[in-house]
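Trainee: I would like to see how this sequence folds:
(chains A and B, ligands or ions: 4)
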Amino acid sequence: MNLGKLIEMANQIGRYHDALPDRAEALTGTAMHIRRFWEPRMRRELLAHIDATGGAGLDPIVLEAIAAKRTELQPQG
Amino acid sequence: MTTIPINTRQDIDYGTPLPASTETVTLRVDGVEVTVPKGSSVMRAAATAGVMVPKLCATDSLKSFGSCRLCLVEIDGRKGYPASCTTPAEAGMQVRTQSKKLGDLRRGVMELYISDHPLDCLTCSANGDCELQDMAGAVGLREVRYGYEGENHLDATKDASNPYFEFDPAKCIVCQRCVRACEEVQGTFALTVDGRGFASKISPGQMEAFMESECVSCGACVQACPTATLIEKTVVDAGTPDYDVVTTCAYCGVGCSFKAEMKGREVVRMTPYKDGMANHGHSCVKGRFAWGYATHKDRITTPMIRKKISDPWTPVSWDEAITYAASEFKRLQSQYGRGSVGAISSSRCTNEETYLMQKLVRAAFGNNNIDTCARVCHSPTGFGLKTTLGESAGTQNFDSVQHADVIVVIGANPTDGHPVFASAMKRRIREGAKLIVIDPRRTDIVRSPHVEASYHLQLRPGTNVAVLNALAHVIVTEGLSDDAFALARCEPASYAQWKDFVSRPENSPEALEAETWVPASVVRGAARLYATGGNAAIYYGLGVTEHSQGSTAVLGIANLAMATGNLGRPGVGVNPLRGQNNVQGSCDMGSFPHELPGYRHVLDDSVRALFEGRWKVSLEKEPGLRIPNMFDAALDGSFKGLYLEGEDIAQSDPDTTHVTAALEAMECIVVQDLFLNETAKFAHVFLPGSSFLEKNGTFTNAERRISRVRKVMEPLAGKEDWEVTVALATALGYPMHYNHPSEIMDEIASLTPTFTGVSYARIEELGSIQWPCNDRAPDGTPVMHEHEFVRGKGKFVPTQYVPTTEKVNRKYPLILTTGRILSQYNVGAQTRRTANVEWHDEDRLEIHPHDAEERGIHDGDQVTVSSRAGETSLRAHITDRVQPGIVYTTFHHPESGANVITTENSDWATNCPEYKVTAVQVTPALKGSEWQERFQSFTSEQLGLLERAVGVRSPKP
Ligand code: SF4
Ligand code: SF4
Ligand code: SF4
Ligand code: FES
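Mentor: Ligands and ions are numbered 1, 2, ... in the order given. Below is the predicted model of the structure:
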């Protein structure tokens, strides 16, 4: 996949949710949007990037959201 | 050999329209008692009683006019001989339609008409289909006492300028049905009557030729004309049709119903079907006239294969092609993994075809890599409306607009994109509804004859969400919201949060003016009108969805409608105008990689279990790749094979260079299409498709209306499209068994709660069905969310405006936005192969005079358009329809390369591309761009490879 694009897409999702008044909803929303719409190889690559670099280029809300739902986001197999 | 479902229903022309009244009156016509709605004419009452009064100037698609005096009747207690078309039926009336005196009067009228009419009935193209001829017979005209030497129209010259119909004024009886059709039905006001009385003449504009006039070639006048004066050229050539079959237009999301009028197995003309609930007997130039592509010589009718795209094509049997495709997909999956292949279906496919495509992917490929072209148009609609209202569909039927007091058009150009709906909308506006347009361009609907927008919010492309927030700000802070509705029908907490959000000072029209370019006073005026002007309905198009915040804008629209109580009854609602005929249907059928049919997520165990039980296969629970993800996966080497039906991604998707690189990186591309389209030039297997005239199925239009597509001729290549998918699935090791598409619909109905009441038999019975159709709504649902929202309580969602990252700068100072025009359809593969090219033979770049002058560009000059993604060249059209700083083009011709310049930016929620905002520079050009040179040489190479294989004449690029 194209990592740069995945980072931008994740940040766009984060930016949308960042505006929600309820922080918990914003975090879950960000993570679950990625869970529900991203094919496993996209999620795998984004998670590998976070593991390798600590998430360079990703907005704080994305990192926080992903950290909270890490197991659910990890594709099986 | 299949039987053709001939339409046996006789169309009755009642002479004047059916009034809306629920009150009735009872009268007697020739002794027969008849009850009709109040406001019906005597003529209509007579026709209802089975008595056809002779008539010429009346027809039931038009208001009565009373000019020909042929329809005279006698009414007890009334003096004289009133015209039945203009006399309202009253309770207790005793009407006589036949008497010696009436016969004499009518014969006298006919005699006058015939004395000015060429007596060449036997050789006239309308012989047998002419109301003048019929009426001469009906009144028993036997002699014409007046000579032909007096003044007449007989030497008038024919106007054959329109490619589809001709105008022979010598045959005109000046009944003005054409003029009234153009005004009342179409709303274009292109025809005029010149002169008075006997000397009067009909002409387009000021005695212009049709093609030089304002005429948009909808054909309403041709249909209304009782004589051969206005007549289809196909009828002139082939003669009058023998029978007809009712079917559905294969172009836009209005989904007009048509009678395909046939002679043998050839279509002679397409006539919009009076009982069609989406179009009520009207159509546009595309549906009525632009169907010749179906038999165009470029059609490829033999399956073909090749190893590499640099090889010539080898024509093969269906079996060989299908076996080869299946073996390639199997090879790829064993070599690169189960997820290495996928499919893309199209909104041009029927419901049954798209259903089978996703079934093939999920059951035979064993993954969820299925997507559809709605990805690049209305995917944000699905997301936004599902989140707020609970269902991924428009809320109203088209007729609802007749009850609207305020009509808001956002990012849509209905007169070009959805012409028949635009005519309905314009009719309502002429009756007094107010119009608000939110669009960067001054589209035709902003100002046209007898239609003028009260407010035009000419925003900067990319700022929809800011404008919607500003409108909401005014509504909430000025206390114009309908709190009673919102609190009763929606989640109160979400409503309170949303009110807080939109009330913030940064969302005021004043604060956002610099960003949106819309004067605050205009926003305030529009917001007040929307909130307080009565029934307010929003219609929106791709100008809303094709943005980085497309989904947010759809949420914003739903918020506005909920906050003002404009949902759940006729005249209001949130209405996406779908681009292609079956966008709604293809989405309903589970064509997205995360959803099974009926918008149910693949993660849902119970939903998967339902389909697993029926399909007898275990299903993947992870979402699949979306179209843009497929391209990226192809370029990283993990996605290798693609099956496409009816979709031309190499032309329609953004950033063409990226798309074609992805296509080149794949090992097996299977294209099922009518023509060797742009994508097929990168393909390894070509499976010939069938046109809408060659197959059975259903389309679902923008108002959720499921209508039948009926086969009127055998498929040129021997297979209907659904049969091809069945064969491929079977060859892949997943046998499918259907004898007819109706069985596919039965399966859909058994698995989809909103479709349980749908079957071909029911559609036959009702004409068409708007889903949801189930036990709760056995006849379908014209207006949704009447008592509660599908999700229960409506959900308000705060919609933070986030400017797009696609920004203008010194290098790219202009914003390019893209759109479409009336005569062409999408990638143009169909319409470019019809005479519609006479209206639009190339895509032009619209540029404001100021920007043009600054760059030394004159009208018609070749210009280079460059963006961060690429560069192409087009001819300039200088116009103040666009504002300074904005340029605009269409994407109907592949060689224009409009999508070479659009970028890969996309909607945050759905990856729907941001077609509507690209930062560009425009400069005078001396020649085509490098991309265009490469395109030309690749195209001629590919056409050469095709010609060497099958010896067909080279298709046009
Ligand atoms: S062109 Fe046809 S419809 Fe129009 S006035 Fe003449 S006869 Fe009537
Ligand atoms: S074709 Fe349509 S637009 Fe043209 S003159 Fe006839 S009714 Fe009017
Ligand atoms: S293109 Fe659209 S408006 Fe035109 S005839 Fe077809 S469905 Fe109707
Ligand atoms: S039909 Fe009534 S006046 Fe012409």
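Trainee: contacts, neighbours, all on C-alpha from now
Mentor: Will do.
Trainee: Okay, and the residue nearest to B:Gly187 when sequence neighbours are not counted sits in which element?
Mentor: Counting by C-alpha to C-alpha, 6 or more residues apart in numbering or on different chains, the nearest residue to B:Gly187 once its immediate chain neighbours are dropped is B:Ser423, at 5.8 Å. Element membership for B:Ser423 (DSSP states H and E) is helix B:419-430.
Trainee: quick one: strands adjacent to whichever helix or strand comes after that helix?
Mentor: The C-terminal neighbour of helix B:419-430 among helices and strands, as given by DSSP H and E, is strand B:434-438. Based on DSSP bridges, the pairing partners of strand B:434-438 within the sheet are strand B:406-410 (parallel), strand B:455-457 (parallel).
Trainee: just how off-centre is the helix or strand that strand B:434-438 is followed by within its chain?
Mentor: Reading on from strand B:434-438 to the C-terminus, the next helix or strand found by DSSP H and E is strand B:447-448. Here the centre of strand B:447-448 is set off from its chain's centre by 21 Å, with C-alpha atoms, centre = their mean, to the nearest Å.
Trainee: Could you give me the buried positions within the longest helix along chain B?
Mentor: What stands out as the longest helix in chain B, according to DSSP state H, is helix B:930-950. For helix B:930-950, a neighbour-count test (16 or more other C-alpha atoms under 10 Å in any protein chain shown) marks B:931-932, B:935, B:939, B:942-947, B:949 as buried.
Trainee: now the helix holding B:Ser423: mean pLDDT?
Mentor: In this model, helix B:419-430 carries a mean pLDDT of 96.
Trainee: Strand B:406-410 and that helix, what's the angle between them?
Mentor: Computed by axes from the mean of the first three to the mean of the last three C-alpha atoms, to 10 degrees, the angle separating helix B:419-430 from strand B:406-410 equals 140 degrees.
Trainee: Is there any residue in helix B:419-430 that contacts ligand 3?
Mentor: Yes: contact of helix B:419-430 with ligand 3 (C-alpha under 6 Å from any ligand atom) involves B:419-420.
Trainee: contacting residues around that helix?
Mentor: Defining contact as C-alpha atoms under 8 Å, 6 or more residues apart in numbering or on different chains, one finds that helix B:419-430 is touched by B:184-187, B:254, B:279, B:282-284, B:398-399, B:401-402, B:404, B:414-415, B:435, B:450-451, B:822.
Trainee: circling back: helices or strands up against the longest helix of chain B?
Mentor: Secondary structure elements in contact with helix B:930-950, counted by 3 or more C-alpha pairs under 8 Å, 6 or more residues apart in numbering or on different chains; DSSP states H and E, are strand B:314-315, strand B:871-878.
Trainee: most neighbours per residue, which of those strands?
Mentor: Compared across these, strand B:871-878 shows the largest average neighbour count, a mean of 24 (mean count of other C-alpha atoms under 10 Å in any protein chain shown).
Trainee: State the mean pLDDT of it.
Mentor: Strand B:871-878 shows an average pLDDT of 92 in the prediction.
Trainee: In the stretch 401-550 of chain B, which residue sits nearest ligand 4?
Mentor: B:Arg427 (23.2 Å; C-alpha to the nearest ligand atom).
Trainee: how about the helix holding B:Ser423 as PDB, C-alpha atoms only?
Mentor: Taking only C-alpha atoms (Å, rounded to 0.1, in the frame of the first residue of the first chain), the coordinates of helix B:419-430 have been written out as PDB:
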ATOM      1  CA  PRO B 419     -33.300  16.800 -17.100                       C
ATOM      2  CA  VAL B 420     -36.700  15.200 -16.600                       C
ATOM      3  CA  PHE B 421     -36.600  15.900 -12.900                       C
ATOM      4  CA  ALA B 422     -35.500  19.500 -13.700                       C
ATOM      5  CA  SER B 423     -38.600  19.900 -15.800                       C
ATOM      6  CA  ALA B 424     -40.800  18.800 -12.900                       C
ATOM      7  CA  MET B 425     -38.900  21.100 -10.600                       C
ATOM      8  CA  LYS B 426     -39.200  24.100 -13.000                       C
ATOM      9  CA  ARG B 427     -42.900  23.500 -13.300                       C
ATOM     10  CA  ARG B 428     -43.200  23.800  -9.500                       C
ATOM     11  CA  ILE B 429     -41.100  26.900  -9.500                       C
ATOM     12  CA  ARG B 430     -43.300  28.500 -12.200                       C
END
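Trainee: Quick one: distance of that helix to the chain centre.
Mentor: For helix B:419-430, the gap between its own C-alpha mean and the chain's C-alpha mean amounts to 14 Å (C-alpha atoms, centre = their mean).
Trainee: What residues sit buried inside it?
Mentor: Under the neighbour-count criterion of 16+ other C-alpha under 10 Å, helix B:419-430 has B:419-429 buried.
Trainee: got the residues you listed as CSV, with distance to ligand 1 columns?
Mentor: Output for these, formatted as CSV (distance: C-alpha to the nearest ligand atom, whole Å):
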residue, distance to ligand 1
B:Pro419, 22
B:Val420, 20
B:Phe421, 23
B:Ala422, 23
B:Ser423, 19
B:Ala424, 21
B:Met425, 24
B:Lys426, 22
B:Arg427, 20
B:Arg428, 24
B:Ile429, 25
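Trainee: could I get these as TSV with distance to B:Arg524?
Mentor: Below are the buried residues of helix B:419-430 laid out as TSV (distance: C-alpha to C-alpha, whole Å):
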residue	distance to B:Arg524
B:Pro419	30
B:Val420	31
B:Phe421	28
B:Ala422	26
B:Ser423	28
B:Ala424	27
B:Met425	24
B:Lys426	24
B:Arg427	26
B:Arg428	24
B:Ile429	21
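Trainee: any low-confidence regions in the chain?
Mentor: Just so you know, I chose chain A. Applying pLDDT under 70 to chain A picks out residues A:77.
Trainee: you looked at the wrong chain, it should be chain B
Mentor: In chain B, residues with pLDDT under 70: B:1-4, B:8-10, B:146-154, B:197-198, B:825-827, B:950-957.
Trainee: which parts of it sit against chain A?
Mentor: By C-alpha under 8 Å from any C-alpha of the partner chain, the residues of chain B that approach chain A are B:497, B:594, B:603, B:622-625, B:629, B:632-633, B:635-636, B:798-800, B:802, B:908-909.
Trainee: 7 Å instead, please
Mentor: B:594, B:622-625, B:632-633, B:636, B:798, B:800, B:908-909 (C-alpha under 7 Å from any C-alpha of the partner chain).
Trainee: what's the farthest-apart pair in these?
Mentor: B:Asp636 and B:Pro798 (36.9 Å; C-alpha to C-alpha).
Trainee: what about those two, which has more around it?
Mentor: Shown here are B:Asp636 and B:Pro798; by other C-alpha atoms under 10 Å in any protein chain shown, B:Pro798 has more neighbours (24 against 14).
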